[in-house]
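Participant: The following comprises the amino acid sequence and a computationally predicted model.
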Amino acid sequence: MVTSVAGMQQLAKSWQRKGVRVGFVPTMGYLHAGHMSLVKRARQMVGKSGKVVVSIYVNPTQFGPKEDLSRYPRDLKRDQQLCRAEGVDVLFVPSDQEMYPQNGIGAYSTYVVEETLSRGMEGVSRPTHFRGVTTIVAKLFNIVQPQVAVFGAKDFQQAAVVQRMVRDLNFPLKIVVAPTHREPDGLAMSSRNKYLSTDERQQALALSLAIKAAQQAVKSSKQSLAANKLRANLFKLISQHPAARVDYIEFFDPQTLQPVTQVSCGTQMALAVFVGRTRLIDNARL
Ligand code: PAF
């Protein structure tokens with residue numbers, strides 16, 4: 001395990017000198033099978049002779065003032081075991097002081113902002129979220145210096161924003177987006193699923209059921225569907241789950257993330273739903 005920025009950068013430089021390829025999976029820890037599938041993908045990308053680095057850092061700048069930063073689940077021991085079992089070469093686990101030094105007038109003061117793809121959906125509900133994500137991901141790329149970084153498709157907008165940042169700021173690496181890992185009943189895997197009570201866990205199926213219903217509606221219709229009508233139907237379906245409250249349901253172009261008024265095969269759908277106090281997101285291509 002490496003905890004200092006200087007230590008991680010030194011390691012990265014020594015690998016670079018030897019021509020070793022580095023695959024990177026940034027995480028906030030409390031790892032699950034979804035994360036481990038990203039690790040497997042990173043290993044595939046760099047091969048046996050390459051190095052796989054996983055970072056675990058609950059990044060405060062991507063949480064809003066009323067969000068779950070302080071109660072975000074953590075279990076470093078278990079994360080270490082999972083990473084060891086999966087053949088991860090280095091766990092990078094920096095402290096807040098290491099990432100965002102707070103030294104009075106010399107305190108941390110630089111941020112990275114993507115100004116188009118980050119505006120809608122999560123950007124509306126969580127206005128400072130993507131500024132935190134792009135900032136920490138840019139920092140991690142400069143520290144780990146990977147050739148490949150793997151992100152999960154569950155955070156579709158995040159992956160799009162990071163890809164745009166990598167292109168716009170000329171980071172010399174490839175972004176791979178790996179498919180969403182689901183529980184057998186359809187719930188997308190997320191560290192936040194841990195917050196759900198037994199009853200809420202059942203009601204959390206509202207998200208994947210809404211996606212399935214939208215996919216079915218598109219499949220069985222010969223023409224495109226009015227987005228507003230489909231959205232209203234999905235609101236109804238979700239409201240049958242008393243603990244569930246829709247934050248947004250959006251239909252959009254998967255490349256530009258621009259909302260569409262007509263939904264057809266190839267349209268992307270994303271939704272955010274509060275189940276009790278827990279905010280869950282999911283998405284799929286229709
Ligand atoms: O997806 C996450 O877990 C986080 O947003 C990330 C990419 C690790 C940045 O903190």
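Facilitator: Arrived safely. Numbers count the residues shown, from 1 in each chain.
Participant: could you pull out the strands for the stretch 101-250 of the chain?
Facilitator: All strands of the stretch 101-250 of the chain, identified by DSSP state E, counting those that start in this stretch, fall at 148-152, 174-178, 225-226, 244-252.
Participant: what's the first one in contact with?
Facilitator: Right, the one you point to is strand 148-152. When contacts are defined by C-beta atoms under 8 Å, 6 or more residues apart in numbering, strand 148-152 is touched by residues 21-26, 34-35, 38-39, 41-42, 45-46, 141, 158-159, 162, 173-178, 180-181. Glycine gets a C-beta too; all of them are placed from N, C-alpha and C.
Participant: Let's see that strand as PDB, backbone CA atoms only.
Facilitator: In PDB, the C-alpha atoms belonging to strand 148-152 read as follows (Å, rounded to 0.1, in the frame of the first residue of the first chain):
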ATOM      1  CA  VAL A 148      -5.100   2.900 -19.300                       C
ATOM      2  CA  ALA A 149      -7.800   3.800 -16.700                       C
ATOM      3  CA  VAL A 150     -11.000   1.800 -16.300                       C
ATOM      4  CA  PHE A 151     -14.300   3.400 -15.200                       C
ATOM      5  CA  GLY A 152     -17.700   1.700 -14.700                       C
END
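Participant: ok, and for that strand, which residues are buried?
Facilitator: 148-152 (16 or more other C-beta atoms under 10 Å).
Participant: And the second one, by the same measure?
Facilitator: By 16+ other C-beta under 10 Å, the buried positions in strand 174-178 come out as 175-178.
Participant: Could you check the angle it makes with strand 148-152?
Facilitator: Calculated by axes from the mean of the first three to the mean of the last three C-alpha atoms, to 10 degrees, strand 174-178 forms an angle of 30 degrees with strand 148-152.
Participant: before we move on, back to that, with distance to the ligand and pLDDT as new columns, can the buried residues of strand 148-152 be given to me in TSV?
Facilitator: Converted to TSV, those look like this (distance: C-beta to the nearest ligand atom, whole Å; pLDDT from 0 to 100):
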residue	distance to the ligand	pLDDT
V148	15	98
A149	9	99
V150	10	98
F151	7	98
G152	7	98
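Participant: List just the nearest of the residues you listed to R201.
Facilitator: G152 (20.1 Å; C-beta to C-beta).
Participant: Can you tell me which of the contacts of strand 148-152 end up in helices?
Facilitator: Among the contacts of strand 148-152, the residues falling in helices (DSSP state H) are 34-35, 38-39, 41-42, 45-46, 141, 158-159, 162.
Participant: measure the residue in the chain sticking out farthest from the centre to the ligand for me?
Facilitator: Centroid-distance maximum for the chain: K222 at 33.7 Å, with C-alpha atoms, centre = their mean. To the ligand, K222 is 38 Å away according to C-beta to the nearest ligand atom, to the nearest Å.
Participant: try Q216
Facilitator: In terms of C-beta to the nearest ligand atom, Q216 sits 29 Å off from the ligand.
Participant: tell me, how many neighbours does that residue end up with?
Facilitator: Neighbours of Q216 under the rule other C-beta atoms under 10 Å: 11.
Participant: Next one: the nearest residue in space to K219 that is not next to it in sequence relative to the ligand, how far apart?
Facilitator: The shortest distance from K219 to any non-neighbouring residue, by C-beta to C-beta, 6 or more residues apart in numbering, is to C265 (7.9 Å). Look at C265 and the ligand: by C-beta to the nearest ligand atom, they are 28 Å apart.
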